[in-house]
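K.L.:
model this:
(one chain, ligands or ions: 2)
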Amino acid sequence: MMRLPKFTYRVPKNVSEAARMIADAGPEASFVAGGTDLYPNMKRRQQTPKTVISVTRLRELRQIQGDAIGGMVIGSSVSLTELCQHPIINRDYGFVADAARLISTPILRNMGTIGGNLLLDTRCNYYDQNYEWRKGINFCMKKDGEICWVAPSSPKCWAVQSSDLAPVMVAIGARVKLVSSAGERMLDARDLYNDDGIQYLHKRPDELLTEIHFSPRNGMRAVYKKLRRRGAFDFPVLGVAAALDIAEDGTVRSARLILGGVAPSPIEVEEAQKALIGERFDQDRINAAAEACYLKARPLDNTDFVMGWRKQMARPFVQRALEELRHISP
Ligand SMILES: Cc1cc2nc3c(=O)[nH]c(=O)nc-3n(C[C@H](O)[C@H](O)[C@H](O)COP(=O)(O)OP(=O)(O)OC[C@H]3O[C@@H](n4cnc5c(N)ncnc54)[C@H](O)[C@@H]3O)c2cc1C
Ligand code: SF4
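P.N.:
Residues are numbered from 1 along each chain as shown. Ligands and ions are numbered 1, 2, ... in the order given. Predicted coordinates for the structure are as follows:
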């Protein structure tokens, strides 16, 4: 049985106390929300914080406010189950609830939060193993070792961004609020991620993610498609998030196409977006966008399934996502 290492557990009363606590505890501290990612990682000794600061019960972080007209603000400790079940989210931003329903299992969704999901550690077959297994291969660059077993000559870690909500948040242009003892700042979701499996966030460890802001809908339609081995639960090995604004005459005014599960960060496929913007939204354009995504997707051999097949699946998954958007009203 894998046991948690010893650590100090702290429960702040509010956001400013949480920010103070992590500043006082220093670099060996970590926030925890539902713990469905952090605690398994601690058991495997991938992350070994000496102090863990729980933010899951902070009332300020559990609020859901707004609607499609004014936009929404979602507290970072809102659970995935609440996200799936919330009536206004289902009515106005149903694509977010749909994506959340595809995450792990009902029990894990009761504990797991939207904030924890967006900040999920990157994943790799050579890293998501217990300590003894990783010791057996002399570890790897992401934790305790020096080499990357996936790309041995690479100076960079290619562990995969595996959050289902991250590509959706980037596609719909969501923004996140980060709070620390030094102040607060807003960041576009696309700027939260860094294309490196080790330094995968542009968030400092002492910054608490407090809120996720959705812009007003303004006619935007969006969808998320996920490839995984088991429908019941599994991390994505490919995620496609698409968000479009289509004029009444059928011309695409704006388009965002984001691939998840194929790189250390969500990948925005600008070539696919260019293939759609200013054009009539027809099958030719859908095929052109799907082809651009296929060319851009370069998964490596470090998650489930053969990488060549995962790359090929980008084409039909993008086609399916865009065809679905043709048939839904904004
Ligand atoms: C069996 C299994 C299957 C899973 N399947 C999926 C899946 O299909 N798709 C998917 O996307 N995920 C999956 N997950 C991962 C995880 O359950 C979810 O991503 C969940 O939403 C994580 O949220 P959490 O609150 O439990 O995160 P935690 O474990 O609490 O935190 C995750 C990370 O975020 C940091 N953190 C959390 N909240 C904050 C905050 N407010 N501010 C700053 N830092 C913070 C923590 O320090 C930690 O580094 C799976 C997990 C398991 C165990
Ligand atoms: S991609 Fe390479 S360095 Fe990164 S976790 Fe996997 S084996 Fe380790």
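K.L.:
The helix or strand harbouring residue 293 packs against which elements?
P.N.:
Taking DSSP states H and E as the definition, one finds residue 293 inside helix 283-296. Helix 283-296 sits against strand 252-260, helix 270-276, helix 307-327, with contacts defined as 3 or more CB pairs under 8 Å, 6 or more residues apart in numbering; DSSP states H and E. The C-beta positions use only the backbone N, C-alpha and C, and glycine is treated the same way.
K.L.:
Direction-wise, compare the last one with helix 283-296 and give the angle.
P.N.:
The one in question is helix 307-327. 150 degrees (axes from the mean of the first three to the mean of the last three CA atoms, to 10 degrees).
K.L.:
Residue of the stretch 1-150 of the chain nearest ligand 1, please.
P.N.:
For the stretch 1-150 of the chain, the residue closest to ligand 1 is residue 116, as judged by CB to the nearest ligand atom, at 2.0 Å.
K.L.:
How about the secondary structure of that residue?
P.N.:
Under DSSP: H, G, I helix; E, B strand; the rest coil, residue 116 falls in the helix class.
K.L.:
what's the spacing between the residue most central in space within the chain and residue 274?
P.N.:
In the chain, the centroid-proximal residue (CA atoms, centre = their mean) is residue 166; its distance is 2.6 Å. Per CB to CB, to the nearest Å, residue 166 is found 23 Å from residue 274.
K.L.:
Repeat that for residue 86.
P.N.:
35 Å.
K.L.:
between these two, which one's more packed in?
P.N.:
residue 86 (19 against 14; other CB atoms under 10 Å).
K.L.:
What does the pLDDT read for the more buried one?
P.N.:
Listed pLDDT for residue 86 reads 98.
K.L.:
The residue of the stretch 1-150 of the chain closest to ligand 1 touches residue 33, doesn't it?
P.N.:
Yes: with contact taken as CB atoms under 8 Å, residue 116 and residue 33 are classed as touching, separated by 4.2 Å.
K.L.:
any common contacting residues for those two?
P.N.:
residue 76 (CB atoms under 8 Å, 6 or more residues apart in numbering).
K.L.:
okay, now the residue of the stretch 1-150 of the chain closest to ligand 1: neighbour count?
P.N.:
25.
K.L.:
just to revisit the earlier point, from the middle of its chain, how far away would the helix holding residue 293 be?
P.N.:
23 Å (CA atoms, centre = their mean, to the nearest Å).
K.L.:
May I see the buried residues of that helix?
P.N.:
285, 286, 289, 290, 291, 292, 293, 294, 296 (16 or more other CB atoms under 10 Å).
K.L.:
Confirm for me that the second one is in contact with residue 321.
P.N.:
No: taking CB under 8 Å as the contact criterion, residue 286 and residue 321 are not neighbours in contact, 9.2 Å apart.
K.L.:
Next, the angle strand 252-260 makes with the helix holding residue 293.
P.N.:
Using the same axes, to 10 degrees: helix 283-296 against strand 252-260 is 30 degrees.
K.L.:
Please save the CA atoms from helix 283-296 in CSV.
P.N.:
Output in CSV follows, covering the C-alpha atoms of helix 283-296 (Å, rounded to 0.1, in the frame of the first residue of the first chain):
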residue,chain,number,x,y,z
GLN,A,283,-17.9,20.9,-45.1
ASP,A,284,-14.9,22.0,-47.2
ARG,A,285,-13.8,24.5,-44.4
ILE,A,286,-14.4,21.9,-41.7
ASN,A,287,-12.2,19.4,-43.6
ALA,A,288,-9.5,22.1,-44.1
ALA,A,289,-9.6,22.9,-40.3
ALA,A,290,-9.4,19.2,-39.4
GLU,A,291,-6.4,18.7,-41.7
ALA,A,292,-4.6,21.7,-40.1
CYS,A,293,-5.2,20.1,-36.6
TYR,A,294,-4.0,16.7,-37.9
LEU,A,295,-0.8,18.3,-39.1
LYS,A,296,-0.3,20.3,-35.9
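K.L.:
Averaged pLDDT, it. What do you get?
P.N.:
98.
K.L.:
List of residues touching it?
P.N.:
Against helix 283-296 from outside (CB under 8 Å, 6+ apart): 240, 252, 255, 257, 259, 267, 269, 271-276, 279, 311-312, 314-316, 318-319, 322-323, 326.
K.L.:
Mark which of those residues are buried, thanks.
P.N.:
The buried subset of the contacts of helix 283-296 (16+ other CB under 10 Å) comprises 240, 252, 255, 257, 259, 267, 269, 272-273, 275-276, 279, 311, 314-315, 318-319, 322.
K.L.:
quick one: the closest residue to ligand 1 within the stretch 201-330 of the chain from residue 95, how far?
P.N.:
As assessed by CB to the nearest ligand atom, ligand 1 sits closest to residue 209 within the stretch 201-330 of the chain, at 3.7 Å. Look at residue 209 and residue 95: by CB to CB, they are 21 Å apart.
K.L.:
What parts of this protein come near ligand 2?
P.N.:
124, 126-127, 140-142, 148-150, 157-159, 197, 302 (CB under 6 Å from any ligand atom).
K.L.:
Pick out whichever of residue 209 and residue 95 has more residues nearby.
P.N.:
Using other CB under 10 Å, the more surrounded residue of residue 209 and residue 95 is residue 209, with 26 against 22.
K.L.:
Cool, thanks, signing off.
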